[in-house]
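Participant: Let me see the structure of the following:
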Amino acid sequence: MQTKITVIGAGAVGSTTADNLVRRNIAEEIVLLDIKDGVAEGKAQDMMQTAALLGFDSTIKGVTNDYTQTAGSAVAVITSGIPRKPGMTREELIGTNAGIVKSVVENLIKHSPDIIILIVSNPMDTMTYLTLKSSGLPKNRIIGMGGALDSARFKYQISQKLQASANDLNAIVIGGHGDTTMIPLIHHATWNSILVNSFLTQEEQDDIVKKTMVGGATLTALIGTSAWYAPGAAAAAMVESIVRDQNRLFTASVFLEGEYGEEDINIGVPVIINKKGWDRIVPLELSEEEKVLFKNSANAVRNMNQVLKDSNII
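Facilitator: Now for the predicted structure:
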């Protein structure tokens, strides 16, 4: 059976996700869909013109708002939505993006009822919660991407401080996908099984945590817009673990029912990702301080989710 993957939104993150996926040769067909006429088609054609140079065999098809072309997709990555604009309230942003994401999800499920959905759109934890509550899909088939990106940024910051290869590091971020809600677990991080705090002063550890938490905002200040290379790579890595049934451990925003002391919430915790979507939650021994931070993070995410309820979106 052929594997089809759909990416919704042909902006910087969506097109980078598609580019990463096609280079990995994990699907026969990748569909890139956007609402703006010609954009997805043009970017898909541009990427297809790299096939002879990069040696991939996958096909990328760009379409304008035609969800029939997504039929039979195994996985969809949703990147669509708008960034927060000057003068826009949090409620306005959530309301606008909730409408977009809800419509996208309905259209995807109509044509691919067995689909696994990966949410990239912001506010990511709240959009993942919305997708679960509005779609009727099993909880394991709804995944929020943010923790995988935050953990990659965490490894980058550690690697810079240690002058080490990021590939030799194990380090994760849990909690909400936001610069005040994420929790980089510095005391759990290892360099080929050796705790990294063996090599770092407390000041250096604090600096790594701080820079990780503002990683997205730092790039926005430098570039003038949100980052796209690392988000696209993070989404593609998670999709590959699903399609190839790799059983990789990622931090992902998933629905909790008592795990980590929380329920009725989507928030970042370590999970195993495979052909089922997210298969199981991996328990961590958190310190009392880390437990308090996680509780505070969950409360902040709940406050965002409350906007959906107050607006009767869910």
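
Participant: contacting residues around Leu185?
Facilitator: 171-174, 284, 290 (Cβ atoms under 8 Å, 6 or more residues apart in numbering). The way it works is simple: take the backbone N, C-alpha and C, and place the C-beta from them, glycine included.

Participant: Kindly report the same for His177.
Facilitator: Per Cβ under 8 Å, 6+ apart, neighbours of His177: 122-125, 144, 146-147, 149-150, 253, 268.

Participant: between those residues, which is closest to Asp37?
Facilitator: Asn122 (24.7 Å; Cβ to Cβ).

Participant: What is the nearest of the contacts of His177 to Ile5?
Facilitator: Nearest to Ile5, judged by Cβ to Cβ, of the contacts of His177 is Gly144 at 17.5 Å.

Participant: sorry, back to before: quick check, nearest of the contacts of His177 to Thr68?
Facilitator: Gly144 (26.9 Å).

Participant: Would you confirm that the closest one contacts Asp125?
Facilitator: Yes: look at Gly144 against Asp125 with Cβ atoms under 8 Å: they come within range, at 5.9 Å.

Participant: shared neighbours of those two, anything?
Facilitator: By Cβ under 8 Å, 6+ apart, the residues touching both Gly144 and Asp125 are 177, 253, 266, 268.

Participant: Mind telling me which residue is nearest the centre of this structure?
Facilitator: The centroid of the chain falls nearest to Met145 when counting by Cα atoms, centre = their mean (1.6 Å).

Participant: My read is that that one contacts Ile117, right?
Facilitator: No: if you go by Cβ under 8 Å, Met145 and Ile117 don't touch, sitting 10.6 Å apart.

Participant: Residue ranges of each domain in this structure, please.
Facilitator: The chain breaks down into these structural domains: 4-145, 147-311 (assignment by the TED database).

Participant: chain center to the shortest one, what's the gap?
Facilitator: Going back to what we said before, that points to domain 4-145. Taking Cα atoms, centre = their mean, to the nearest Å, one finds domain 4-145 lying 11 Å from the centre of the chain it belongs to.

Participant: Ok, stretch 274-294 next?
Facilitator: The answer for stretch 274-294 is 16 Å, by Cα atoms, centre = their mean.
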